[in-house]
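Asks: test case, fold it:
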Amino acid sequence: MEIVPSLDLAGGRSRLVFWPGAATGSGTPTDRPERIARHFVEAGALMLHLVDIDGAKRGAPANTAAVQAVARAVAVPLQLAGGVDGPEQIELAFAAGATRVVVPLWLWAESPARLRECLRIAGHWLAVGLDARAERLAEFGWPDRRTPTLDELVARLSSEGVQRVVLSHGGARPDVTALARLAAEHDVELQVAGGVTDIAVVGELADAGVDAVILGESLLNGSIDFNAALAVAHGVTAEV
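Replies: Residues are numbered from 1 along each chain as shown. The predicted model follows:
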């Protein structure tokens, strides 16, 4: 399992200031996305997840200059979410330097044909992001008026050609049992975002067969140490 650092981009900067030496009073705090990205890649991150906060509000990528700066600074895949709401937005994301994109579930719920067009452009570099909580899934206007289960959703998305799913939980603790079942029954890459606030959950998700855990605030504020999380994700005890 991989640990994927996540940066929220707003106004061309990281929404959160990162100060890796805060505990010892060393180093310099920064909100420059490219500097934060370089720190985690040098520490061993194999991919980065970027969330365009302004883009999500606008419905199209907005922090393209920040994405470009990160792309110039590091040579790892960049996964962009927020404002990637259709084929045109995917092209903008790729032009800015993103190499992977996350489109929202509502895109498919409202227009399967539009998702297929997104897949035509992005192929296996496309992921669908969805909030795994039942009450959030029920908010969509499903054609048959029946809210599909998470298992049914993943199966349907897979049948459409989606190879990656990013599952968020609105800050709630991920349901490890449900995720283990999804990992065992579906041939899709499962990424978990949000709700992971301690390193023990990282180990549980690794054991469940999750492919990647996306960590944002918990890494930037120091509540989870990246190197320790990476060790646990790779089957090494946190003390090593």
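Asks: quick one: contacts of the worst-scoring helix or strand of the chain on mean pLDDT?
Replies: Across the helices and strands of the chain, mean pLDDT, DSSP states H and E gives its lowest value to helix 134-137, namely a mean of 84. The set of residues that contact helix 134-137 without belonging to it, under CB atoms under 8 Å, 6 or more residues apart in numbering, is 130-131, 147-148, 150, 153, 170. Heads up, the C-betas are built off the backbone N, CA and C, glycines and all.
Asks: and residue 8, helix, strand or coil?
Replies: The three-state assignment at residue 8 reads strand, by DSSP: H, G, I helix; E, B strand; the rest coil.
Asks: in stretch 111-131, which residues are buried?
Replies: Taking 16 or more other CB atoms under 10 Å as the basis for neighbour counts, the residues of stretch 111-131 that come out buried are 115, 117-119, 122, 125-131.
Asks: ok, residues contacting it?
Replies: Contacts of stretch 111-131 (CB under 8 Å, 6+ apart): 79, 81, 86-87, 90-91, 94, 99-105, 107-108, 137, 153, 157, 160-170, 189, 191, 193.
Asks: one more time with 6 Å
Replies: Residues outside stretch 111-131 that contact it (CB atoms under 6 Å, 6 or more residues apart in numbering): 81, 87, 90, 100-105, 107-108, 157, 161-166, 168, 170.
Asks: narrow those residues to those in strands?
Replies: Secondary-structure check on these using DSSP state E: residues within strands are 81, 100-104, 164-166, 168.
Asks: where in this structure is pLDDT low?
Replies: Under the criterion of pLDDT under 70, the regions of the chain flagged as low confidence span 22-26, 237-240.
Asks: in it, which spans are strands?
Replies: According to DSSP E, the chain carries its strands in the segments 2-10, 13-14, 48-52, 78-81, 100-104, 126-131, 164-168, 189-193, 212-215.
Asks: re the thing from before, dump the buried residues of stretch 111-131 into CSV; add distance to residue 235 as well.
Replies: Compiled in CSV, the buried residues of stretch 111-131 are given as follows (distance: CB to CB, whole Å):
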residue, distance to residue 235
115, 35
117, 40
118, 35
119, 33
122, 31
125, 27
126, 29
127, 25
128, 28
129, 27
130, 28
131, 29
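Asks: and those residues, which two are furthest apart?
Replies: In these, the most distant members under the criterion CB to CB are 117 and 131, with 23.4 Å between them.
Asks: can you show me the CA trace of stretch 29-41 as CSV?
Replies: In CSV, the C-alpha atoms belonging to stretch 29-41 read as follows (Å, rounded to 0.1, in the frame of the first residue of the first chain):
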residue,chain,number,x,y,z
PRO,A,29,7.4,27.0,7.5
THR,A,30,6.1,27.2,4.0
ASP,A,31,2.8,27.3,2.1
ARG,A,32,4.5,26.9,-1.3
PRO,A,33,3.0,23.8,-2.9
GLU,A,34,6.2,22.9,-4.8
ARG,A,35,8.4,23.1,-1.7
ILE,A,36,6.0,20.9,0.3
ALA,A,37,5.8,18.4,-2.7
ARG,A,38,9.5,18.2,-2.9
HIS,A,39,9.8,17.5,0.8
PHE,A,40,7.5,14.4,0.6
VAL,A,41,8.9,13.1,-2.7
